[in-house]
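**Q** Build me a model from this:
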Amino acid sequence: MQNLKLFISGKLFINGKWSDSVNEEKRNIVNPANNEVIAEASRASVEETRDAIDAARNAFDSGIWSDMPASERASYLFKIADKLEENASELSTLEMLNTGKPLREAEFDIGDAVSCFRYYGGLITKPNGQTYSVADPVQGLIVREPVGVCGLIAPWNFPLLTGAWKIAPALAAGNTVVFKPSELTPITTIKLFEILEEVGIPAGVANLVTGGGSTVGNELAESDKVDMVSFTGSTTVGRSIMKAASGNIKKIALELGGKSPNIVFADADFETAVDYALFGIFMNAGQVCNSGSRLLLEESIHDKFVESLISKAKKIRVGRGDDPATQMGALVGEDHMNTVLNYIQIGIDEGANLVCGGKRITSGGLDRGYFVEPTIFIDTTPDMKIVQEEIFGPVLVVQKFKDEAEAIKLANDTPYGLAAGVFSQDGAKALRVIKKVRAGITSINAYNLAYNEAPWGGYKQSGLGRGLGTLGLDEFSEVKQININLEVSPTNWFEG
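**A** Prediction:
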């Protein structure tokens, strides 16, 4: 693959202008499929992060965006969507190069990002708010107003898409933003900010600061000038965000880790359940927060199901994203690959039975990339690390259950509660079970579904708040009550 240099090298977007960082040290951005450097990105300083926060603060306080009619804000979001769509081919290629995912997955991500901007552009012009009646001659109103300055911190697995999931509702609600992409995968979000500039977003409304979490991310979380921080990433980092944000009790939205159960009963449609079990864990090489990384099988179908699963998993074509035959791509980098391989070794050491995969792939011209075989463990126990901890790679752990009660107990037996699936042709049973599972993103007879219209988020240590849907817009707003006295006269409270 030809080496590709970034269209903008080492730039930050602050207060409507592109600028080089004062920090001359750049970060090389690599293609994880072959370890080639494809771009370089700035590593912003604390001072530059503060400049971006100040720009957002001044823009919000001026009312240039928050006081703009919703229909006008919507027109900007529609223009952004149109430009993303016009550049979809380039963006998909860049996303594929930067993340190592197959091109078809990158194309889907870009299409979903387009839809996200259009969804929120349409949503903000629809009726909203409430009225209420009270015993007094008072008319009550409930309105929503923008939070203010929002620090948005995105992960590396779906760079542009998760950026859209945060930026679109934040801007739609009337906020100003400072956006920090992952250090590993900033390319398409830089392109997104070129588009924001092109459509004429007012200066200071949207600011881009690339750099490390300990510098940029921590400043966004700690700053008293930031009213809200929205973070997607690991639970460990989420805890640190919560602590840092406590200084000014800022609003926080956290979409964190998962160890999600995919429950298959004996009466499920067999082929459909096997297909979704594969899709649930091996899509994007398992680098998905809501991946179905725990497969819970009813005992009577366990052996047959596992046999089919292994057969199909071994046929998954792993390779570079630019190869049309590729079905599963690379892991995002060497460090992460080593973390996944270490978990696989932990599973072996714990006594789990490795029945598929488990190794790095170096054959077929993949020796310079970070590829791991689709991996399956059986004969696991609930106390094993590979069952309890998020691996974030193509590693599936299989558990057995005897009945509904045990399935529910196993499903809820981790610190996480992000997603879950239930497969059964008995609709009443499936609904009974899914209602007992402590998770926020659930499906029956499907897995790995995501829609801009549906709220996204989890229970327990999988986070706080919800993204997407109408609740995703609400997340970026504050609620205000307005009481209108209809009989204007003194209360005479202190008379007599």
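**Q** Quick check, Asn207 in contact with Asn58.
**A** No. Counting by Cβ atoms under 8 Å, Asn58 is not a contact partner of Asn207; they are 10.9 Å apart. The way it works is simple: take the backbone N, C-alpha and C, and place the C-beta from them, glycine included.
**Q** Looking at these two now, which is surrounded by more residues?
**A** Asn207 (31 against 16; other Cβ atoms under 10 Å).
**Q** Low-confidence ranges, the stretch 1-150 of the chain, go.
**A** 1-10 (pLDDT under 70).
**Q** how does it look with 50?
**A** 1-8 (pLDDT under 50).
**Q** before we move on, what SS does Ile142 have?
**A** strand (DSSP: H, G, I helix; E, B strand; the rest coil).
**Q** The one 3 residues further on now?
**A** Secondary structure, three-state DSSP: Glu145 is strand.
**Q** Which helix or which strand is home to the residue nearest the centre of the chain?
**A** Per Cα atoms, centre = their mean, the C-alpha nearest to the average position across the chain is that of Thr162, at 4.8 Å. Assigned by DSSP states H and E, Thr162 belongs to helix 159-172.
**Q** Show me what the mean pLDDT comes to for that helix.
**A** Per-residue pLDDT over helix 159-172 has a mean of 98.
**Q** Pairing partners for whichever helix or strand comes after it, with directions?
**A** On the C-terminal side of helix 159-172, the closest following helix or strand by DSSP H and E is strand 176-180. According to DSSP bridges, strand 176-180 forms sheet pairs with strand 149-153 (parallel), strand 206-208 (parallel).
**Q** Show me what the next helix or strand after strand 176-180 is packed up against.
**A** Using DSSP H and E, the helix or strand that follows strand 176-180 in sequence is helix 187-198. In terms of contacts (3 or more Cβ pairs under 8 Å, 6 or more residues apart in numbering; DSSP states H and E), helix 187-198 is packed against strand 11-14, strand 36-42, helix 70-86, helix 88-99, helix 159-172, strand 206-208.
**Q** which one of these lies closest to Val372?
**A** Distance to Val372, taken as Cβ to Cβ, is lowest for helix 88-99 among the helices and strands packed on helix 187-198, at 14.9 Å.
**Q** relative orientation of that closest one and helix 187-198 in degrees?
**A** 140 degrees (axes from the mean of the first three to the mean of the last three Cα atoms, to 10 degrees).
**Q** Give me the buried positions along the next helix or strand after helix 88-99.
**A** Where DSSP H and E defines the elements, the next helix or strand beyond helix 88-99 is helix 103-123. Of the residues in helix 103-123, 103, 105-107, 109-121, 123 count as buried by neighbour count, 16 or more other Cβ atoms under 10 Å.
**Q** who's in contact with Ser182?
**A** Ala154, Pro155, Trp156, Pro159 (Cβ atoms under 8 Å, 6 or more residues apart in numbering).
**Q** Relative to Gly286, how far out is the last one?
**A** Think Pro159. The gap separating Pro159 from Gly286 is 17 Å, by Cβ to Cβ, to the nearest Å.
**Q** can you check the first one too?
**A** Shown here: Ala154 relative to Gly286, a distance of 19 Å by Cβ to Cβ.
**Q** now do the same end-to-end measure for stretch 197-207.
**A** 10 Å (Cα to Cα, to the nearest Å).
**Q** List the buried residues of it.
**A** Glu197, Ile201, Ala203, Gly204, Val205, Ala206, Asn207.
**Q** Name the surrounding residues that touch that stretch.
**A** 13-18, 52, 55-56, 58-59, 64-65, 76, 79-80, 83, 167, 171, 176-179, 193, 196.
**Q** So for it, mean pLDDT?
**A** 98.
**Q** Would you map the strands across the stretch 201-350 of the chain?
**A** Assigned by DSSP state E, counting those that start in this stretch, the strands in the stretch 201-350 of the chain fall at 206-208, 228-232, 251-255, 261-264, 294-298.
**Q** Could you give the secondary structure assignment for the residue lying closest to Asn35 once chain neighbours are set aside?
**A** Nearest residue to Asn35 in three dimensions, chain neighbours excluded: Arg368, at 4.9 Å (Cβ to Cβ, 6 or more residues apart in numbering). With three-state DSSP as the basis, Arg368 sits in coil.
**Q** dump the residue contacts of Arg368.
**A** Arg368 touches Asn34, Asn35, Glu36, counting by Cβ under 8 Å, 6+ apart.
**Q** Specify the beta-bridge partners of the last one.
**A** Pointing back at Glu36 there. Asn31.
**Q** Shouldn't Arg27 be within a strand?
**A** Yes. Looking at Arg27 with three-state DSSP, it is inside a strand.
**Q** Quick check: the gap between the nearest residue to it once chain neighbours are set aside and Arg432.
**A** In space, and not counting its chain neighbours, Arg27 is closest to Ala41: 5.1 Å by Cβ to Cβ, 6+ apart. As judged by Cβ to Cβ, Ala41 and Arg432 stand 49 Å apart.
**Q** Which one's more surrounded, those two?
**A** Ala41 (25 against 14).
**Q** Distance check, Pro159 against Thr189.
**A** Noted for Pro159: a distance of 6 Å to Thr189, by Cβ to Cβ.
**Q** Who has more neighbours out of those two?
**A** Using other Cβ under 10 Å as the criterion, Pro159 and Thr189 rank with Pro159 on top: 27 against 23.
**Q** Distance-wise, check the spatially closest residue to that one that is not a sequence neighbour relative to Glu404.
**A** Leaving out its chain neighbours, the residue that sits closest to Pro159 by Cβ to Cβ, 6+ apart is Thr185, at 4.2 Å. From Thr185 across to Glu404, the span is 41 Å (Cβ to Cβ).
**Q** So for the two, which residue has more residues nearby?
**A** Neighbour count, other Cβ under 10 Å: between Thr185 and Glu404, Thr185 has more, with 26 against 17.
**Q** Check the more buried one and give its pLDDT.
**A** With respect to pLDDT, Thr185 has a value of 96.
**Q** I'd say Asp269 and Asn445 touch.
**A** Yes. Counting by Cβ under 8 Å, Asp269 touches Asn445, with 7.1 Å between them.
**Q** which residues do those two both contact?
**A** Counting by Cβ under 8 Å, 6+ apart, the residues touching both Asp269 and Asn445 are Phe423.
**Q** Distance check, Glu197 against Val264.
**A** In terms of Cβ to Cβ, Glu197 sits 49 Å off from Val264.
**Q** With Ala33 instead?
**A** 33 Å.
**Q** burial count for Lys402?
**A** 10.
**Q** nearest to Thr380, of the contacts of Ser182?
**A** Closest to Thr380, out of all of those and judged by Cβ to Cβ, is Pro155, at 27.0 Å.
**Q** What is the burial count for that closest one?
**A** 21.
**Q** residue ranges for the helices of the stretch 351-496 of the chain, please.
**A** According to DSSP state H, counting those that start in this stretch, the stretch 351-496 of the chain carries its helices in the segments 385-388, 404-411, 427-436, 469-475.
**Q** Could you give the number of residues near the nearest residue to Ala407 once chain neighbours are set aside?
**A** Of all residues not flanking Ala407 in the chain, Phe401 sits nearest, at 4.3 Å (Cβ to Cβ, 6+ apart). A count of neighbours around Phe401, defined by other Cβ under 10 Å, yields 21.
**Q** change the start of the numbering to 13 and stick with it
**A** Done: numbering now begins at 13, and the last item shifts to Phe413.
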